[in-house]
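[1] Generate a structure from the sequence data that follows.
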Amino acid sequence: MREFKRTDRVADQLQKELAVLIQREVKDPRLGMVTVSGVEVSRDLGYADVHVTLLGEQTPERIKENLAVLKRAAGFLRSQIARRIKLRHVPELRFHYDESVVRGQRLSSLIDEAVASDQAQQDEAADDDRGPADEGSTGNGSADRDERD
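    Numbers count the residues shown, from 1 in each chain. Now for the predicted structure:
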């Protein structure tokens, strides 16, 4: 079995070329900072599903507007890819918004909040364990430990 499938190699090359083309060649002012996060090519190389993320404002209206701009530019991008990559048939480009980055950031912040909450609870529990009995300690560490046990 081959190590890499042809569709994977084509998808990787498309991702690289599209990232450069979208950044440098698409001159629509409505298009924000777009990142090509992945490309999946069909087995017959007829279609390429291009997954993009946006930097900055990510409201549903803004996402829809950026996808519309990319959809209108798909023919231009496809012709430019045909010049750069030697393929008999350049796949039709279909653009999709990739929510994985936003979802990952949200999950990361939830994890951070949970860790902070657990740490705060542990700190409170440790303060409760020490309590007022420690205020009158004699300075003899082993005797204090014996009293608590």
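
[2] so where's this structure uncertain?
    Applying pLDDT under 70 to the chain picks out residues 1-4, 131-149.

[3] How is the most centrally placed residue in the chain assigned, secondary-structure-wise?
    For the chain, the residue sitting closest to the mean C-alpha position, by C-alpha atoms, centre = their mean, is Val101 at 2.1 Å. Following DSSP: H, G, I helix; E, B strand; the rest coil, Val101 is assigned to helix.

[4] for the spatially closest residue to it that is not a sequence neighbour, what are its contacts?
    Sequence neighbours aside, Thr53 is the residue nearest to Val101 in space, at 4.9 Å (criterion: C-beta to C-beta, 6 or more residues apart in numbering). Placement of C-beta: from N, CA and C, glycine included. Contacts of Thr53 were listed using C-beta atoms under 8 Å, 6 or more residues apart in numbering, and they are Val34, Thr35, Ser37, Tyr97, Asp98, Ser100, Val101, Val102.

[5] what do you get for Pro91?
    Val10, Leu14, Val41, Ser42, Leu45, Gly46, Tyr47, Ala48, Arg78.
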